[in-house]
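Chemist: Sequence plus predicted model, see below.
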Amino acid sequence: MNATIDKAARQGVAGRNSPQQFKPFPAYGKRLMELRMAGQVPDNSVVVTYDWRIGGVYPRVVITDNTPPDRMEWRYLAGLDVMLPYRDADAPKVPELVQAILAANPRCLVALHMGERRFIVVKNLRGEVML
């Protein structure tokens, strides 16, 4: 595990034993947390999406309910590259999701609008938040 991901994991994921309020996981999120806790890191980007049909070839997390993103668990994304593809119907929910993911300290975060085929670099590889 490289030093950047290891540091992020210690700060974001390894803090699981600290007293905190339980937060639910989005679909597949718990599996990613378990992998991170076991010291395993996905080799490529993690996809966070609202649509089951998007990103199936990548490690992914699917948001399936109306739980606000700031009340969900995201620490397993610490130090990872995160792609956030979305469609028009989900566009109003994206800013709140972006903020929740940024709080987990991913290495970078890119939002991809699927209909217009444009992307927004929210956090670049230098750690600069571009909002």
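Modeler: Arrived safely, thanks for sending.

Chemist: beta partners of the residue lying closest to residue 130 once chain neighbours are set aside?
Modeler: The shortest distance from residue 130 to any non-neighbouring residue, by Cβ to Cβ, 6 or more residues apart in numbering, is to residue 121 (5.4 Å). C-betas here are computed from N, CA, C, even on glycine. Using DSSP bridges, the bridge partners assigned to residue 121 are residue 110.

Chemist: need the contact list for residue 121.
Modeler: Residues in contact with residue 121 (Cβ atoms under 8 Å, 6 or more residues apart in numbering) are 108, 109, 110, 130.

Chemist: Among those, which one has the most neighbours?
Modeler: Of all the contacts of residue 121, the highest neighbour tally under other Cβ atoms under 10 Å goes to residue 109, namely 26 neighbours.

Chemist: measure that one to residue 22 for me?
Modeler: Distance from residue 109 to residue 22, counting by Cβ to Cβ, to the nearest Å: 25 Å.
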